[in-house]
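In: I would like the atomic coordinates for the input below:
(3 chains)
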Amino acid sequence: MNDPGWARAAKSNRALGYIDVLLRGAGQVMFQNHPLAGLLFLLGIGYGSAVGGNLAVAGGAALGLLASTLTATWLRVDTASLKSGLYGYNGLLVGIALPTFLEVDARLWTLIVLGSSVSTIAFMAVANVLKTWEGPALTFPFVLVTWVLLLGAYALADISPGSMSAPTLPTHVTPETAAVPTSAKFWLDGILTGVSQVFLIGNPVTGLVLVLALATSSVWAATLALLGSGAALVCAVAFGAQTASMQGGLYGFSPVLTAIALGCTFYKPSPRVLIFSMLGVIATVFAQASLDVAVQPFGVPTLTAPFVLVTWLFLLAKGDLAPVPHDELSRKTFGVS
Amino acid sequence: MNDPGWARAAKSNRALGYIDVLLRGAGQVMFQNHPLAGLLFLLGIGYGSAVGGNLAVAGGAALGLLASTLTATWLRVDTASLKSGLYGYNGLLVGIALPTFLEVDARLWTLIVLGSSVSTIAFMAVANVLKTWEGPALTFPFVLVTWVLLLGAYALADISPGSMSAPTLPTHVTPETAAVPTSAKFWLDGILTGVSQVFLIGNPVTGLVLVLALATSSVWAATLALLGSGAALVCAVAFGAQTASMQGGLYGFSPVLTAIALGCTFYKPSPRVLIFSMLGVIATVFAQASLDVAVQPFGVPTLTAPFVLVTWLFLLAKGDLAPVPHDELSRKTFGVS
Amino acid sequence: MNDPGWARAAKSNRALGYIDVLLRGAGQVMFQNHPLAGLLFLLGIGYGSAVGGNLAVAGGAALGLLASTLTATWLRVDTASLKSGLYGYNGLLVGIALPTFLEVDARLWTLIVLGSSVSTIAFMAVANVLKTWEGPALTFPFVLVTWVLLLGAYALADISPGSMSAPTLPTHVTPETAAVPTSAKFWLDGILTGVSQVFLIGNPVTGLVLVLALATSSVWAATLALLGSGAALVCAVAFGAQTASMQGGLYGFSPVLTAIALGCTFYKPSPRVLIFSMLGVIATVFAQASLDVAVQPFGVPTLTAPFVLVTWLFLLAKGDLAPVPHDELSRKTFGVS
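Out: The predicted structure is shown next:
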C-alpha cells in the first residue's frame, strides 16, 4: 500500500484518502507513517482481540482512531500532520485501553468517543508545548486521557472498573521460589508478547504480526523492537522482576517503544545511538518497575508512561546547549536583584 | 463602579485606587476585571460565610486578597497586571480554603498571610513559564500553595486538618438505591451551588448573587456559568456520580470556570467555540471524578485542579502549529547523531 | 586548591584536570564551582559515612560522581559546563542515596553506575527545558532518578528496600507530650545536622565541616547555610514538627539549599534578597512537611524535592514580564476563534 498505485488512489479519491490517513494513524502507534504497516497493526489487534475473547478491543481501536481523527479535522489542524496520521494513534490507544480495563456496556462507547476526541486536543496542547524544544508528544495524550477516565471510574457508579487491580499500598515483592526461567519458550514468548503489549494485547502471535508489519515499513524498527524487548527482558530477569509480568510482556512494551523512538526514529542509527538507546531501554525497565509501584494506591495501570518519561528525557537532552550555570542570573529581576 | 465617576475617583485617590485593585482581584476569580463584580463576589462570600457559620472564611478571603496584592506591590510587578487584579485572586482563594479545611486558630491567620504571599510568587513563576505559549496561570498557584499547606498539616502537630476527609484507598462507589433525582429543586440547587463552590461555598443564594454579579460585568460570563454548571450536572447524573456531591455543587465549580474561560474569556463566543467549550465542560466533569479519586490517599480536596488541567489543555491546543513529526530530528545532538 | 598553582597544574595535566572537574562536581551540590570546597565536602561525607558505619555511602558518592561525569564526557557536552562540575553533583547524590536507602550488595554498584549515568541525561534534558526561562536544573535530576530506582525496588525481588519507611496512609501526627526543646544543644545540633543532611548524612560534625568548606569558597554561602537551617528550625518548632525529625536535620537540608540558591547564588545579596530568601526558606519548611506526607503511600523519602519545588518558583518568578491577561487571546486558534 506504499506503492505508487495506492498513493495515487488515496490522492484522487476522498474516501480512500481518509482511509489512508486512518491507516497511517494506526501505524504511528509505532512511529510508522506507513498505511500498510498500519493495516497490519489493525489485523494484529483484530486477531489478538478475537483470541482474547474481547472483540470490543478491536471495535474500540477502530472507533477511537476515527473519532480522534475526525476531531482533528473539525479543529482544522495542520494538513501535513493530519495526513501523516499524527492525530490518530492516541485515539486508537484510548479505544483499546477502555474496553481492556473497564466493563463493556453501552456507555463505554460514548466514553471512547469522548476520550478519543479529547486525546486529539491533548495531543495538540502537548505537541505545542514540546515543540519549543523539538520534543514530540509521544503517547502522553493517550496516557493522560486514559488515566483520567480509569481513575474517574472509581467515583462514578455507572462505569465499572473491570480488570483493574484494586487500589493497594505497595509492598516489596517476595522472591519467587522457582528458578529463573531459562527455556527458549520463555524468552521467545516474552519478547514477542512484549511487542504485542504495545497495543495492550498479550499474545505472541500478535507480536510476530507486529514485527513483520514493522519490517514492511522499516527493517530498523523491526530489529529495534525485538532488541528492545529482549534487552528489557534480560534486565528484568537480572533484577528479579515477577515471572508472570515478564511472561505477559509487561516489562517489554514500553522499552520496545523507547528502542524504536531513540534507535531509528528521532536519531539516525549508528553504534553510538545504539548504545544510547539501550541505556534508554534499561532506564525504561526501571521506570516500568517504579511506575508499577507508584500507581498501586490508585488502582490504574501504567499504560505507556514509562516509555514517555524516559524517551522525553533522552530526546530533550542536548549537549550543544550549555545549561544555566550556578551563578548570578544576568536578568533584571522584579526588584529583588 | 465601572462608571466614569468611580474610575476617576480610583485614579485620583491612592487609597480608592488600591481598593479598586483589590476589587478587581476578587473579580478575577471568575475572570472579571471589573470592580463592581468583585464587590458583589465579596458580598456573596460574606453572605455564604455568615450562613455557613464560619465567618473566618470571609475574613480569610479579605486577608488573602490583601496579602497577595501587597506582596505583588513589594515585588514591583508590572503595573498593568497589578491594576487589573491578577495578583489578587489566588491569594483570595487561599484565604478562603484554609479556614474551610483547617481548624481556625491564631496560627491560621499567619498561614493565610504566608500562603497568599507565596501564591503571588507562584503566580509570577507560572505566568512566566506559560507565557511562552500564551497560556494563563489560571488558579494553579492557589491549588499548588493550598495543597502544600493542607498536606503539610498532617505532619505538623499545631495545624489541625479540620473538615478534610481522612486519607484512604479508593474503592468503586456503590450504586445508590434511590432513583436518579429529577426534581426541579435538585437541578436548580445543584446548578447554583455549583457556581457558589467556585468560592468553596455550598449555598445556592451565594450562587445566584455570583451569577448576577457576573451579569453586571458580562452577560456571556453569567450565561456560560449557568450553562457550564448545568451541562456538568447532566453529565454527572448520566455517569452515576454520587447524589450528595452533585447536590453540594462539587461537580459544578470547575466546569463553571472552564465554561467561562473557554467560552467567552480566552476565545470569542461563537457556535464553534460553544461546542468546544462544552466538550471542555464534559472533560472537566471526568477530570473532577478522576482527581477526587487521585487525592483520596492524601486526604486533601481537589480544589480547582480539574478546571486548571482541562482548561490548560484546551487553551494550549493550537491547530496552526504543526507538531514535531515522528521523524529524525534535524538538530545536532550531543554526539549521538 | 583555588590558588594559581593548582589551576595551572589542572590545566597542564590531563589527570589532574579531570580530578579538578570531579572536585568541582562535588562542590556544585552546594553551588560551589570550587575544587577545595568540593574536596572538603568529600571529606565531610567520608567522615559521616565512617561514623555512621556505612562506608558504601562514601564509595557510592565517588562512584556516582565519576560515572555521571564520564557519561557527560562520552555525550560530548559543552566543555564550560563540564569543567565547572555541573555534570557531577547529581550523580554524586544518586551514589549517596542508593546505599543509604537500599541494602548494599553487588547489584547496588551496578545500579549506582546506571542511575548516575541516567542522571546526566536527565540533567541535560531538564537544563535544556528550563533554559527557556533561565532556570537551573538544581537537584531535580537526582530526585527523579533516585525516586524511580527506590520505587522500583518494591517491584524487584533482587533489590531490597533497606531503611525506607513502609508505604502507609498519612495520619495527623499527635502532639508530643514533651515540652518544646529549648536547649542550646538542640539548636546547635539541629542547625548543623540540617546542613549535613544536604548530603543525606545526619551528623553535626559533618555539618560543621561543610559550613567551613563553604566558607573557603564563599562566606555568604556559609552564612546563608546556617541562617537557612536556623530559620527553618524556628519555623518547624513554631508549627509543631516532630522533634526527632528536627533533631535529625530533616527540616533543614532543603531550606539550606534554598537559602544558598536564592540568597547568594542566583540573586546578589541585598536586604531585599535576604527577605525574599527567608520567605523561600519558610515556604520550603512547609513544602518539606507537605512532601513528607505526600510520599508516605509510596514508601520513599522526599530527597531534595522541597528545595527544588520552592527554588524553582522563587527563581522563575519575574516581575518585569506581564502575565497573559484574562482576555481574549490575540492568536489565531485552529478554527475555534
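
In: averaged over its residues, what pLDDT does stretch A:276-296 have?
Out: Across stretch A:276-296, pLDDT averages out at 98.

In: how far out from the middle of the chain is it?
Out: 14 Å (C-alpha atoms, centre = their mean, to the nearest Å).

In: near chain C, which residues of the stretch 151-300 of chain A show up?
Out: Applying C-beta under 8 Å from any C-beta of the partner chain, we find that the stretch 151-300 of chain A lies next to chain C at A:169-176, A:238-242, A:279, A:282-283, A:286-294, A:297. Where you see a C-beta, it was placed from the backbone N, CA and C, and this is true even at glycine.

In: now, which of these lie close to chain B?
Out: When contact is defined as C-beta under 8 Å from any C-beta, those meet chain B at A:L169, A:P297.

In: Show me the shaky parts of the stretch 51-200 of chain A.
Out: Applying pLDDT under 70 to the stretch 51-200 of chain A picks out residues A:178-180.

In: Let's see that with 90 instead.
Out: When residues are selected by pLDDT under 90, those of the stretch 51-200 of chain A lie in A:76, A:78, A:162-163, A:174-183.

In: Now it against chain C: closest residue?
Out: Nearest residue of the stretch 51-200 of chain A to chain C: A:R76, at 3.6 Å (C-beta to the nearest C-beta).

In: Surely that residue is in a helix?
Out: No - judged by DSSP: H, G, I helix; E, B strand; the rest coil, A:R76 forms no part of a helix; its state is coil.

In: what about it, how many neighbours?
Out: By other C-beta atoms under 10 Å in any protein chain shown, the residues close to A:R76 number 15.

In: gap between it and chain B?
Out: Relative to chain B, A:R76 is positioned 5 Å away (C-beta to the nearest C-beta, to the nearest Å).

In: And A:R272, by the same measure?
Out: A:R272 sits 5 Å away from chain B, going by C-beta to the nearest C-beta.

In: What is the helix or strand that residue falls within packed up against?
Out: According to DSSP states H and E, A:R272 maps onto helix A:271-294. Helices and strands touching helix A:271-294, by 3 or more C-beta pairs under 8 Å, 6 or more residues apart in numbering or on different chains; DSSP states H and E, are helix A:219-238, helix A:253-260, helix A:305-316, helix C:106-130, helix C:140-153.

In: Run through the residues that contact A:G91.
Out: A:G91 sits next to A:25, A:64-69, A:71, A:115-117, A:119-120, A:142 when contact means C-beta atoms under 8 Å, 6 or more residues apart in numbering or on different chains.

In: Filter these down to the buried ones.
Out: By neighbour count, with 16 or more other C-beta atoms under 10 Å in any protein chain shown, the contacts of A:G91 hold A:25, A:64-69, A:71, A:115-117, A:119-120, A:142 as buried.

In: any idea which of those is the one closest to chain B?
Out: For those, the closest approach to chain B (C-beta to the nearest C-beta) belongs to A:S117, at 6.6 Å.

In: dump the residue contacts of the nearest residue to that closest one once chain neighbours are set aside.
Out: Distances taken as C-beta to C-beta, 6 or more residues apart in numbering or on different chains put A:T71 closest to A:S117, at 4.2 Å, once the chain neighbours are dropped. Applying C-beta under 8 Å, 6+ apart to A:T71 gives the contacts A:Y87, A:G91, A:S116, A:S117, A:T120, A:I121.

In: swap in A:E176?
Out: When contacts are counted by C-beta under 8 Å, 6+ apart, A:E176 touches A:Q242, A:T243, C:A157.

In: Can you report how many residues neighbour the first one?
Out: I take that to be A:Q242. For A:Q242, the count of nearby residues is 20 (other C-beta under 10 Å).

In: Touching, it and A:V173? I think so.
Out: Yes - contact criterion C-beta atoms under 8 Å: A:Q242 and A:V173 qualify, at 6.0 Å.

In: Overlap in contacts, those two.
Out: Residues touching both A:Q242 and A:V173 (C-beta under 8 Å, 6+ apart) are C:A155, C:A157.

In: Backbone dihedrals for A:L102, please?
Out: With angles defined as degrees, to the nearest 10, A:L102 sits at phi -110, psi 160.

In: How about it: what's its closest non-neighbour residue?
Out: Spatial nearest neighbour of A:L102, chain neighbours left out: A:G162 (5.2 Å); criterion: C-beta to C-beta, 6+ apart.

In: for the one you found, what are its contacts?
Out: Contacts of A:G162 (C-beta under 8 Å, 6+ apart): A:F101, A:L102, A:E103, A:V104.

In: now that we're looking at A:D105, how far away is B:Y267 from it?
Out: Per C-beta to C-beta, to the nearest Å, A:D105 is found 35 Å from B:Y267.

In: neighbour count winner among these two?
Out: Neighbour count, other C-beta under 10 Å: between A:D105 and B:Y267, B:Y267 has more, with 21 against 13.

In: can you tell me which helix or strand that one belongs to?
Out: Following DSSP H and E, there is no helix or strand that holds B:Y267.

In: If you tally nearby residues, what's the number for the residue in the stretch 101-250 of chain A that chain C sits nearest to?
Out: As assessed by C-beta to the nearest C-beta, chain C sits closest to A:G240 within the stretch 101-250 of chain A, at 3.3 Å. A:G240: 20 surrounding residues under other C-beta under 10 Å.
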